[in-house]
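S.K.: Take this sequence and fold it.
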Amino acid sequence: VPVKIDLVPMRSYGDKPQEFLRKVPNGLLPAIEVNGQVVTESQVIMELLDHWHSEQDGYRPMLPREGDTAGWERYKKLARLERDLFG
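M.R.: Below is the predicted model:
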């Protein structure tokens, strides 16, 4: 699967390239473009990556397993921290 990775500076590290802002006008990070559609929601990106790169194929999941209450609570705390710091 062909993949192209472009590094984009966060708000505090400089301006974002115009090419990025044309695709993501609000400049949100993280962002992933899949088949021409841009996704900027962290959890959705992790769900996609977990789906494409499964544990059965030897990849470590990014999100807690279904029913892992403690794991989901930890994830929610970290997601809130991400929003507080970068939102």
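
S.K.: which stretches of the chain have low pLDDT?
M.R.: When the per-residue scores of the chain are filtered using pLDDT under 70, the ranges that remain are 1, 12, 87.

S.K.: Can you check which helix is longest in it?
M.R.: Longest among the helix segments of the chain by residue count, using DSSP state H, is helix 69-86.

S.K.: Now do the strands in this structure.
M.R.: Chain-ordered strands for the chain, with DSSP state E as the definition, fall at 32-34, 37-39.

S.K.: Can I get the ones you listed in CSV including distance to residue 66 and mean neighbour count?
M.R.: Heads up, the C-betas are built off the backbone N, CA and C, glycines and all. Shown next, in CSV, are the strands of the chain (distance: least, CB to CB, whole Å; neighbours: other CB atoms under 10 Å):
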stretch, distance to residue 66, mean neighbour count
strand 32-34, 23, 12
strand 37-39, 21, 12
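
S.K.: Let me have the ones you listed in a markdown table, adding distance to residue 8 as columns.
M.R.: Converted to a markdown table, the strands of the chain look like this (distance: least, CB to CB, whole Å):
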| stretch | distance to residue 8 |
| --- | --- |
| strand 32-34 | 11 |
| strand 37-39 | 12 |
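
S.K.: neighbours around residue 72, how many?
M.R.: By other CB atoms under 10 Å, 14 other residues sit near residue 72.

S.K.: How about the contacts made by it?
M.R.: By CB atoms under 8 Å, 6 or more residues apart in numbering, residue 72 lies in contact with residue 64.

S.K.: quick one: residue 77 from residue 13, how far?
M.R.: In this structure, residue 77 lies at 25 Å from residue 13, with CB to CB, to the nearest Å as the measure.

S.K.: State the number of residues packed around residue 49.
M.R.: So residue 49, with other CB under 10 Å, has 15 neighbours.

S.K.: no, scratch that, I was asking about residue 76
M.R.: 12.

S.K.: Spit out the contact partners of the residue nearest to residue 24 when sequence neighbours are not counted.
M.R.: In space, not counting the residues next to it along the chain, residue 24 is nearest to residue 31; the distance is 5.0 Å by CB to CB, 6 or more residues apart in numbering. For residue 31, the residues meeting the contact criterion (CB under 8 Å, 6+ apart) are 8, 20, 23-24, 38-40.
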